[in-house]
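K.L.:
Model the following, please.
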Amino acid sequence: MKRTLMTAAAACAFTLGLVGCASLGMTDEAMDTASVDEDAVAAAVRAVEAAAVPTAADAIAFVADAETRLAALSEEAARIQWSRATNITYDTMWLESRVNAEYTELQVELANGAAGFNDVEVPADVRRKLNLLRLGIVLPAPNRPGAAGELAEITTRLDSTYATGKFEYQGRQITLEEASALLATTRDPAEARALYEGWRTISPVMASDYARMVEIANEGASELGFADTGAMWRSGYDMEPDAFAAETDRLWAQVKPFYENLHCYVRGRLNDRYGDAVQPDQGPIRADLLGNMWSQQWGNIYDVVAPATGGGSSYDLTERLVASGYDARRMVETGEGFYVSMGLPALPGTFWERSQITRPRDREVVCHASAWDLDNLEDIRIKMCTEVNAEDFYTVHHELGHNYYQRAYKDQPFLFKNGANDGFHEAIGDFVGLSALTPTYLNQIGLLQTVPGEAEDIPFLLKMALDKIAFMPFGLMVDRWRWGVFNGETSPTEYNDAWSANMLRYQGLVPPGPRPANAFDAGAKYHIPGNTPYTRYFLAHIYQFQFHRAACEQAGWTGPLHRCSVYGNAEVGARFNAMMEMGQSRPWPEAMEAFTGQRENDASAVADYFAPLNAWLTVQNRGKDCGWEA
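P.N.:
Residues are numbered from 1 along each chain as shown. Next comes the predicted model:
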């Protein structure tokens, strides 16, 4: 039986286009009207379907093309982004917004294209690259006209609003750097509150932009097959999103008892200093009293919380740096020297020619310290407004860790030019920083004439814990807040209440007073308007101790873990570099195993490092009502 049909022609034209239909033997005349046997129609449809099914060869070609296009545009984008970060003007913001939109559009196109090969059997390295293409967008724009441009305009505006933020204090406009320096040293609760609340006046204007950004990004994440943007972020750790969230909860459970011990001790010392009216000896701690604009590290108030007896140190690193004639460049050269001592190559000459090491006097810049790889090969740089002090001495060693990691994996294919996961990238420099802060290392490079004895172990470990352990709950809460925003649990009207609730739940902290109705305190932390996922920093605070313990074991160190320095150990350096050279080519457990011999996250190294301090804190806290109501 015959009948007049358009089915085959329509299906063919929709799937392959007119040229493709002609290649199957369907002429223009046949496509206009087809009077064919049903069997012939079915055969034509099967031919169309067969021709439309992607193959492994298609996937391989797609990935190769994607890497070529991404590599070319990433360099252009990086150079424009560098220009804006080191010279904030209307024009550089305009250029960055355009290139960010173009890059986002390319990422969205490639992510959607990669999803088309989900059911195709391909080699393992190709499958990994396809997955990375789907996960490589921090904020995915939906695949519709104008979306990427709108998203880019919003993100550039948010970042620049933060970078140029100032507020009036004592009759003049001050920057974040000035406010942070004052907050670190003031011991006047009224002044601390004014600085803490003053910086947060720069962020309410961001709230509507942020809410719109979340809408756009979630639409894009949904198109890529994720429940929301937060779920997409959690998918980047070689495990399911919910499994990753559970894993971070497990790691926090390992560390939380020690944090509560530290919190209890610090609260008591603050109570001794300020009295019940300012800081009660129970419940949460007033956040502005901790010497840091976000209360994420507490080392600046060591003088307030030092042990009542035996709390002194025989040296002050900032004073030693100044007395030894250090300037900003020498700080960076010293950091480079650590990596070179482990057998790694010196930084290229272009690093010194092109980096921003100090704050320029003639223009607005982003001072937030960062490490850059502009050409995916050798053009590596840091961007800092370096000061000669202990904090930036550590930061230099940390940022150069990013650069050495970037250089180590430069020979990997483009999609594997990254850390095993983002926590690795942060942990590399922090691992080196653990050695860099030891009196052992400071003696090795001539900043100390002798290494202090055991009497200074508790003060040293307390200083480290005030920064390292105090940070961990903050490292969790930032993305816990964002995950709630992305999945809709937290509406824009609840942004600030949810942020304060997370401070209380994880950190045991409260703001110094009621917050205004329009407050957007999350926006006063760079990584929120800068859209940098934050759980990486929590992971890095676990990994760095895991790396440090493994490296010290490799070096044959038999003393206390907190006194170990691997400066000058080329054997450790070779194994360390071998891990870094892997980039993101293998799942992170394999990279972890390559250096540490372990395949899992393990916070027990944190306990090993701080064991003497935890025992001491337990004694100090006897009889106290530790903990807080969440």
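K.L.:
Name the SS class of Q282, please.
P.N.:
Assigned by DSSP: H, G, I helix; E, B strand; the rest coil, the conformation of Q282 is coil.
K.L.:
Pull the contacting residues for it.
P.N.:
R267, D625, W628 (Cβ atoms under 8 Å, 6 or more residues apart in numbering). Glycine gets a C-beta too; all of them are placed from N, C-alpha and C.
K.L.:
out of those residues, which are buried?
P.N.:
Buried by 16 or more other Cβ atoms under 10 Å: R267, W628, out of the contacts of Q282.
K.L.:
buried ones in stretch 94-113?
P.N.:
Buried residues in stretch 94-113 (16+ other Cβ under 10 Å): 95-108, 110-113.
K.L.:
Tell me the one of the contacts of Q282 nearest L151?
P.N.:
Proximity to L151 was ranked across these by Cβ to Cβ; first place goes to W628, at 38.7 Å.
K.L.:
Correct me if wrong: L95 contacts S83.
P.N.:
Yes - contact criterion Cβ atoms under 8 Å: L95 and S83 qualify, at 7.1 Å.
K.L.:
do you know how far F547 is from G335?
P.N.:
F547 sits 17 Å away from G335, going by Cβ to Cβ, to the nearest Å.
K.L.:
no, scratch that, I was asking about G568
P.N.:
Taken as Cβ to Cβ, the span from G568 to G335 is 15 Å.
K.L.:
So if I had to pick from these two, which one is more boxed in?
P.N.:
More neighbours surround G335 than the other of G568 and G335, with 28 against 17 (other Cβ atoms under 10 Å).
K.L.:
Please enumerate the strands of the stretch 351-500 of the chain.
P.N.:
Ranges of strands in the stretch 351-500 of the chain, per DSSP state E, counting those that start in this stretch, are 370-373, 380-383.
K.L.:
now do the stretch 501-630 of the chain
P.N.:
Using DSSP E, counting those that start in this stretch, strands in the stretch 501-630 of the chain cover 509-510.
K.L.:
residue boundaries of the helices in it?
P.N.:
With helices called from DSSP state H, counting those that start in this stretch, the stretch 501-630 of the chain shows them at 535-554, 570-581, 588-596, 604-620.
K.L.:
Without its sequence neighbours, what residue ends up closest to P439?
P.N.:
Spatial nearest neighbour of P439, chain neighbours left out: V451 (4.8 Å); criterion: Cβ to Cβ, 6 or more residues apart in numbering.
K.L.:
Quote the end-to-end distance of stretch 108-124.
P.N.:
Using Cα to Cα, to the nearest Å, the end-to-end distance of stretch 108-124 comes out at 23 Å.
K.L.:
please begin residue numbering at 347 from this point
P.N.:
Will do, 347 is the new start, and the previous item becomes stretch 454-470.
K.L.:
Run the chain-centre distance for it.
P.N.:
Per Cα atoms, centre = their mean, to the nearest Å, the displacement of stretch 454-470 from the mean C-alpha position of its chain is 26 Å.
K.L.:
Stretch 946-965 too?
P.N.:
On the basis of Cα atoms, centre = their mean, stretch 946-965 sits 25 Å off its chain's mean C-alpha point.
K.L.:
what do you get for stretch 630-639?
P.N.:
In terms of Cα atoms, centre = their mean, the centre of stretch 630-639 is set 23 Å apart from its chain centre.
K.L.:
who's in contact with that stretch?
P.N.:
If you take Cβ under 8 Å, 6+ apart as the criterion, stretch 630-639 is touched by 522, 525-526, 529-531, 535, 538-539, 541-543, 545, 609, 612-613, 616, 620, 624-625, 641, 644-647, 816, 849-850, 853-858, 870, 974-975.
K.L.:
Which of the residues you listed are buried? Put it as a ChimeraX command.
P.N.:
In ChimeraX, a selection of the buried entries from the contacts of stretch 630-639 looks like this (16+ other Cβ under 10 Å):
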select :522,525,526,529,530,535,538,539,541,542,543,545,609,612,613,616,620,624,625,641,644,645,646,647,816,849,850,853,854,855,856,857,858,870,974
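K.L.:
and S420, how many neighbours?
P.N.:
S420, neighbours per other Cβ under 10 Å, totals 18.
K.L.:
So which other helices or strands are in contact with the helix or strand hosting it?
P.N.:
Using DSSP states H and E, S420 maps to helix 402-431. For helix 402-431, the packing partners by 3 or more Cβ pairs under 8 Å, 6 or more residues apart in numbering; DSSP states H and E come out as helix 436-461, helix 470-481, helix 493-509, strand 716-719, strand 726-729.
K.L.:
Switch the ones you listed over to TSV; also include distance to G671 and mean pLDDT.
P.N.:
Compiled in TSV, the helices and strands packed on helix 402-431 are given as follows (distance: least, Cβ to Cβ, whole Å; pLDDT from 0 to 100):
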stretch	distance to G671	mean pLDDT
helix 436-461	36	91
helix 470-481	46	93
helix 493-509	32	92
strand 716-719	26	96
strand 726-729	21	97
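K.L.:
Identify whichever of these lies nearest to V409.
P.N.:
Here helix 470-481 is closest among the helices and strands packed on helix 402-431 (Cβ to Cβ), at 4.9 Å.
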